[in-house]
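S.K.: What follows is a predicted protein model with its sequence.
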Amino acid sequence: MYVELKSINKNFSNFKASDNVSFSIKKGQLIGLLGPSGSGKTTILRMIAGLEVPDSGDIYINGKLVNNIPASKRGIGFVFQSYALFRYMSVFDNIAFGLKVQKKDSLYIKDRVNELIKLTGLSGLEKRRPHQLSGGQKQRVAFARALAPSPHLLLLDEPFAAIDAKVRKELRSWLKETISKVGITSIFVTHDQDEAVEVADEIIITNKGRIEQVGTPSEIYKNPLTPFAAEFIGESFTIDDYWKINGFDKAEGFKSAVLRPEFVHVSLPEQEVYPHASQRGVVEEVSFRGNAFELLININGTRLASRYPLDNKAINKGDEVSVLIKRLFLLGDNNVLKVENNLFKDQAIFFI
Amino acid sequence: MREKALKIILIFIGAAFIVIMLIMPLLTVIAYALRQGWNTFFNAISDPYAIKALKLTLFTTIISLVVNTVFGIFAAWAITKFNFRAKQILITLIDIPFSISPIIAGLIFIVVFGRIGWAYPLLEALNIKVVFAVPGIVLATIFVTFPFVSRELIPLMNSSGSDEEEAAALMGAKGFYIFRKITLPHIKWSLLYGMILCTARALGEFGAVSVVSGHLRGKTNTLPLHVEILYSEFNLTAAFSVASLLVIIAVIILILRNLIEYRLKRGEND
Amino acid sequence: MQALQKFKGKNKANKSIIPGFGLSMGITLSMLSFIVLIPLASVLLSLKDISFSEFIEVIVDRQTVSAYKVSISCAFIASSINVVFGVLLAWILTRYKFPCKRIFDGLIELPFALPTAVAGISLTTLYSDKGWIGALFNKIGVKISYTKVGITIAMIFIGIPFVVRSIQPILEKLDSQYEEAAAILGADKHIIFLKVIFPEILPAMLTGFALAFARSIGEYGSVVFIAGNIPYKTQITPLIIMSKLEQFNYPAATSIALIMIIFSFIILFGINVLSSRVNKIASGD
């Protein structure tokens, strides 16, 4: 294990930012710390960096206990959410800063900075000041600056938060590629699940200071372990009286259920294939979502959303439709139960 | 039409106020300084007592400037780069000298170092004179100019946050290196601005210095005190001649101040 | 995240990664203590030689009370006049274009830059019977120098920059779009000023008033010459303290000083409360 946190607790006066947090990260992986605002993800990152000190618990980096090692000696690179570029220095001097502090010789510094400028595609911008750069370029400089002293671990705090939605997608794949090219173990913090799913090798979901689940994006998506993970990851729709749906029975201790659109099959009544397993609902809203329609359907008072392919026969508001629900994630207090429609015999496999 | 008339009236009233309240007093100084010709003027300002007063004023100003600049930088660093309880109280305490009458600023040093002061026996033993001597003048001047530099730096350093300093520290940079390379370039104009305000006040301080100086000609007289003495001796021309020196310095400071203010405003729009 | 930021504020400082907390805090606190706090506290210490009844006797002495009255009434009138002219000057400097505007704007700060003693002797001469302005008033039988009118004028002089500089930034932030919007809705100029602009600048006017008032009460250099120091008539409080000091009557001087210090702390507190409101407006919250 390259980075390991053991029973970390951290309080900010009455606010529990980390509640018995433990997890470990393998070398060379790109990890996404995902959670809503105030879930404690940034605090975890800052404690690994040494910017905050945990109240209790141990942090190991590369097998070494770092609790008492100052941030600057931990061998980490840190990319700030605001980038924190030195506004009175050129791009070159920003990237060179860490090396100058380490008193490396100027020839080495020049080579190393040029190498990073090439890696990050900043050639030609060396003399610019931060205020003359676009958001994406600033991020690249911050990234290069963090990498310059050759850290063993790279930490990124909401690396895409300050960037236009348009450029963000492009930068995500760029960052993922570049990190794998450099081969550095990295942890980034995000509140955006798409970002985490797309970029991270593994996701750590945080909520209210606790770790909800650790796993690859598809693992978490397919088998959420906690109600929070089930609701937070993927497109989901929570319904309360799930036992009214054909094919599902009430399970003791599970009060509601999460429904994923891909497990809902909508057809016109005349095309209904599994009448026992389906039920009728009324379309309340049809909205165009680019690659499909999204339908809002009312089944005897229970509302749910579903996708409907563009090339199927058109459906309008007020139409009656047949709805087949194939799988639900039932939410308990602290656990999730995956249940299949018991009237739906066709054991078709659904991919995500 | 009515609006244009209103505009002209308002500008006229404002201009009249500025001319009567601000420009005329300046002109009075110059007119009285020169009313007996250039010779009298030069005699007054080259009088040995005037020169000594000028020297003491400059000495006092430079020391106050250095002390308050050092204080201002450290105080702004402590207040803006760290979180601690009672921060607001500390800021308010630093501002106290602004809200206190200069007379009281002088009085408090008499209460400490004067014949009735608790530190007097100690000073007596060490044979140091503070009150009615140069150290008292310097202390009183430092007191009245105490908040000037920190007051300019704190809001600026607060609004620019600590991310850059944190980033630099994370890479292992030391405190003074961080200040010099990252903080100073950012605050240099505000620092200069605060230093100029400090200089203006230190040069011209009258009330506080008047209390602690004892008015010993040639020893504890600053320029403003010298002006007062000449004036109270009804030597108006000499008083105004020396005052005109201070006016010239004030006008230079005013110009510098406006230039820097202009720079600061432009910097905001960058 | 905001909640988290707020809580971070209460976290212990020595955990910050930025170096220099101990050094900078040490220097700050020790200089603050030696230069400001200990000397100020010594005022209380020095009052141990005087009994409570003597203290009361000194501070309610007839001559002293009349000095409070002169100080407070003149400072109040001067600051009120300054609020009127301060709004007017801030208004023309932010809204109109006219020749010499930049020079005028710069001159507002003159009372900060000009040594107070110079301002004092200059105002006294200007408004004396033989001065350029004093002579005009003398013809109609009005004396300015060595009267309360003179004191008020000196206080107007030193107070004006506080008021203008409090109001100016607010007027600059209040961009004309705001007023244009009101004008499009059909409001006439007076209504716009009263209903839109005035409420926005009111806290700044009060702050400016309080700053000018505090400065006027404590001011010595520019007021002392024009006041003339006539007991019961034109003696201001700082002058009373000064004359007690010259008579080496330290207990009396410190007693009155204590009253003034308490008074300035009350104003300082008021200003802090007001300016936190002004800052909220200026930052657009």
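M.R.: Thanks, I have the structure now.

S.K.: Around chain B, which positions in the stretch 101-250 of chain A sit nearby?
M.R.: By Cβ under 8 Å from any Cβ of the partner chain, the residues of the stretch 101-250 of chain A that approach chain B are A:Val101, A:Gln102, A:His131, A:Arg145, A:Pro149. All C-beta atoms are positioned from the backbone trio N, CA, C, and that covers glycine.

S.K.: So which bits of the one helix or strand C:Ile266 maps to are buried?
M.R.: If you go by DSSP states H and E, C:Ile266 is part of helix C:250-282. By 16 or more other Cβ atoms under 10 Å in any protein chain shown, the buried positions in helix C:250-282 come out as C:250-261, C:263-264, C:267-268, C:271, C:274-275, C:278, C:281-282.

S.K.: ok, it near chain B or not?
M.R.: Yes: counting by Cβ under 8 Å from any Cβ, chain B is contacted by helix C:250-282 at C:Tyr250, C:Ala253, C:Thr254, C:Ala257, C:Met260, C:Ile261, C:Ser264, C:Phe265, C:Ile267, C:Leu268, C:Ile271, C:Asn272.

S.K.: tell me the contacts of the first one?
M.R.: Translated: C:Tyr250. B:Ile110, B:Val111, B:Gly114, B:Ile116, C:Ser46, C:Lys244 (Cβ atoms under 8 Å, 6 or more residues apart in numbering or on different chains).

S.K.: For the stretch 151-270 of chain B, give the residue positioned nearest to chain C.
M.R.: B:Gly204 (2.7 Å; Cβ to the nearest Cβ).

S.K.: For the residue lying closest to that residue once chain neighbours are set aside, give its distance to B:Leu245.
M.R.: Spatially, and ignoring its direct neighbours in sequence, B:Gly204 is nearest to C:Pro115 (2.7 Å; Cβ to Cβ, 6 or more residues apart in numbering or on different chains). For C:Pro115, the distance to B:Leu245 (Cβ to Cβ, to the nearest Å) stands at 10 Å.

S.K.: got the contact list for the residue nearest to B:Gly204?
M.R.: B:Leu203, B:Gly204, B:Glu205, B:Phe206, B:Leu223, B:Pro224, B:Val227, B:Ala243, B:Leu246, B:Ala250, C:Gly221.

S.K.: of all those residues, which two lie farthest apart?
M.R.: Greatest spatial distance in the contacts of C:Pro115: B:Glu205 and B:Ala243, 14.7 Å, computed using Cβ to Cβ.

S.K.: ok, the two, which is more surrounded?
M.R.: With neighbours defined as other Cβ atoms under 10 Å in any protein chain shown, B:Glu205 and B:Ala243 compare such that B:Ala243 has more, 33 against 30.

S.K.: residue ranges with poor pLDDT in chain B?
M.R.: Across chain B, the ranges flagged by pLDDT under 70 are B:1, B:216, B:267-270.

S.K.: what's the answer for the stretch 51-200 of chain C, then?
M.R.: Ranges of the stretch 51-200 of chain C meeting pLDDT under 70: C:175-179, C:181-183, C:186-187.

S.K.: swap in chain A?
M.R.: Judged by pLDDT under 70, chain A has its weakly predicted residues at A:345-352.

S.K.: what are the ranges of the helices in the stretch 51-200 of chain C?
M.R.: C:52-59, C:62-95, C:101-107, C:110-113, C:116-126, C:132-139, C:148-173, C:176-184, C:189-191, C:198-218 (DSSP state H, counting those that start in this stretch).

S.K.: A:Glu212 - that's part of a helix, no?
M.R.: No: judged by DSSP: H, G, I helix; E, B strand; the rest coil, A:Glu212 forms no part of a helix; its state is strand.

S.K.: thought it was touching A:Thr226?
M.R.: Yes: in this structure, A:Glu212 is within contact of A:Thr226 by Cβ atoms under 8 Å, at 4.7 Å.

S.K.: Now list whatever residues contact both of C:Pro115 and B:Leu245.
M.R.: If you check C:Pro115 and B:Leu245 against Cβ under 8 Å, 6+ apart, the residues they both contact are B:Leu223.

S.K.: What is the neighbour count of B:Phe42?
M.R.: Using other Cβ under 10 Å, B:Phe42 has 11 other residues around it.

S.K.: The residue nearest in space to the middle of chain B and B:Pro97: what is the separation?
M.R.: With distances taken as Cα atoms, centre = their mean, chain B has B:Arg201 as the residue nearest its mean C-alpha position (2.3 Å). Counting by Cβ to Cβ, the gap from B:Arg201 to B:Pro97 is 10 Å.

S.K.: so what's in contact with those two at the same time?
M.R.: Here B:Arg201 and B:Pro97 share the contacting residues B:Val144, B:Thr145, scored by Cβ under 8 Å, 6+ apart.

S.K.: What's the separation between the closest residue to chain C within the stretch 201-350 of chain A and C:Ile261?
M.R.: Nearest to chain C in the stretch 201-350 of chain A, going by Cβ to the nearest Cβ, is A:Gly209, at a distance of 10.4 Å. Here A:Gly209 is placed at a distance of 48 Å from C:Ile261 (Cβ to Cβ).
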